[in-house]
Structure formats: structure tokens, C-alpha cells
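Q: The sequence isn't on hand, but the structure is:
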């Protein structure tokens, strides 16, 4: 695929099929993503992929937590402020990921997809050391974007989701992640269920008008 085609295909998939993803392909994608830049070439990231039975056990345990009303306790919540400025708050209120479902009275589709980890057959969990500057969060984002673009280029669909790291203690248990690492983000990988209503393009949220986010001074 040429780059423009890959970039234009970067849309999330909220329900995957059960088709297995080749583990060697995932390893190839993550290895290639190591070319991502980072502050002083610190390369703070690590990637842990869950598939098969360990992933199903995590999916079950996470769903039990949700149903029991266990509050999410993401690792990044202890490092970063969870307060939002007016600009992003307004964006979330008017064009957030769930809003297009809400306005069509289909929020249950969105919620069910999140609670089932999007039926992803593989999830890549990304970490940085607990002792990290804020710059490492930025670096992790670059690394994640590289993984997603490479995955699309290799015929996979993606789902980066905050909900996948809501219970880091469970993630550490099933992905065997050391206590010294923060579980920052996760990306579901697989093949889209084209028959699933939750994947209908009508639910793709809008983007902020370009003139609101760009300024040229010369």
C-alpha cells in the first residue's frame, strides 16, 4: 500500500472476527516500529502481546470487574492530570468516540464492544518504566502510531483503546508484565467483522475544523 492509502485507512475497528492473527507478523510489525524516534534515543517502550487462552482469561476477568462495578485505575492516572482544558472537553462532548452512537440511540453497541475488548484476537500492551518523564509518554505515542500504521500496511485492522488498560493489575498478571512498568496503552489487532453494526462507517466521528487547530506565522 502507498502511504496515503495506509493513512486514510487508519480508522478503529470496534468488533473483530475470530480469525487468528499470525504471531510472527505481529513481531515483525513491533520490530519495525522500533525505528520510531524518542527523546535522546531513550526508547522507553516495551510491547507485550496477548493471544489465545491468556487473552480470553484477561477478557473474562476484565468483564467481571466491569459487571461488579470495579472502578478503573489506569497506571497513567497516577502520573498525569486527568483534568481537561475547555477545548478538548468541548470536542469530546460534541464529537467524542461515543457521541455518534449516543445520538443514534445506539450507545449500547459502543459499550458492549468496549466491555468485550472488541473481540480482538490479539492485543499489544505498551509500557514505559514507572520512573519516567512526561516525554516518555509522548515517545510511547509515537511508537504506538508506528505500530498501527505498520499493522494497516500489513492488512490488519486496529483498535487503540483506553478501556483495554483500565485494570493494569489484571494486564500485568496475564501478560506477565513486571511491576516496575506502567501499562500505558493497548492496541487490538485483527480483522474487521464487516457484518457488525458497531463497525458501520456512519459512527466514525468528525474531526475538528482544520482552522481551529492550525496557525501559520511568517
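A: Cool, the structure landed. The structure presented is a predicted model; accordingly, all values stated were derived computationally and were not measured.

Q: Show the pLDDT at residue 82.
A: pLDDT, residue 82: 67.

Q: so where is this structure shaky, pLDDT-wise?
A: Residues of the chain that meet the criterion pLDDT under 70 lie in 79-82.

Q: Residue most distant from the centroid, it?
A: The centre of the chain is farthest from one residue, residue 218, which by C-alpha atoms, centre = their mean lies 36.7 Å away.

Q: Okay, that residue and residue 210: tell me how far apart.
A: The spacing between residue 218 and residue 210, counted by C-beta to C-beta, to the nearest Å, is 18 Å. Every C-beta, even on glycine, is put in place using the N, C-alpha and C of the backbone.

Q: Setting aside sequence neighbours, what's the nearest residue to the residue nearest the centre of the chain?
A: The chain has residue 160 as the residue nearest its centroid, 1.6 Å off, counting by C-alpha atoms, centre = their mean. Among residues not flanking residue 160 along the chain, residue 187 sits closest, at 4.8 Å (C-beta to C-beta, 6 or more residues apart in numbering).

Q: Could you pull out the buried residues of the helix ranked longest in the chain?
A: Secondary structure assigned by DSSP state H gives helix 134-153 as the longest helix of the chain. Neighbour counts using 16 or more other C-beta atoms under 10 Å place 136-137, 139-141, 143-144, 146-153 of helix 134-153 among the buried residues.

Q: Check the residues you listed against residue 101 and report the nearest one.
A: Checking these against residue 101 by C-beta to C-beta gives residue 148 as the nearest, at 22.0 Å.

Q: now that closest one, nearest residue through space, not along the chain?
A: residue 158 (4.7 Å).

Q: I'd say that neighbour and residue 187 touch.
A: Yes - Residue 158 is within contact range of residue 187, at 5.8 Å (criterion: C-beta atoms under 8 Å).

Q: who touches both of these two?
A: Taking C-beta atoms under 8 Å, 6 or more residues apart in numbering as the criterion, residue 158 and residue 187 both touch 148, 151.

Q: picking up where we left off before, now the phi/psi pair for the residue nearest to residue 160, please.
A: Dihedral pair for residue 187: phi -130, psi 120, per degrees, to the nearest 10.

Q: and it, how many neighbours?
A: The number of residues packed near residue 187 is 25, by other C-beta atoms under 10 Å.

Q: That one reaches residue 162, doesn't it?
A: No - using C-beta under 8 Å, residue 187 is not in contact with residue 162, being 11.5 Å away.

Q: Please name every helix or strand in contact with the next helix or strand after the longest helix of the chain.
A: Next helix or strand after helix 134-153 toward the C-terminus (DSSP states H and E): strand 157-160. When contacts are defined as 3 or more C-beta pairs under 8 Å, 6 or more residues apart in numbering; DSSP states H and E, strand 157-160 packs onto helix 134-153, strand 181-190.

Q: What's the first helix or strand after strand 157-160?
A: Next element after strand 157-160 (DSSP H and E): helix 168-175.

Q: Residue 165 against residue 75, yeah?
A: Yes - counting by C-beta under 8 Å, residue 165 does reach residue 75; the two are 7.2 Å apart.

Q: Overlap in contacts, those two.
A: What both residue 165 and residue 75 touch, as defined by C-beta under 8 Å, 6+ apart, is the set 183-184.

Q: which residues in this protein form strands?
A: 46-51, 122-129, 157-160, 181-190 (DSSP state E).

Q: how about those, which one is nearest residue 7?
A: Per C-beta to C-beta, nearest to residue 7 of the strands of the chain: strand 157-160, 12.4 Å.

Q: Thanks a lot, catch you later.
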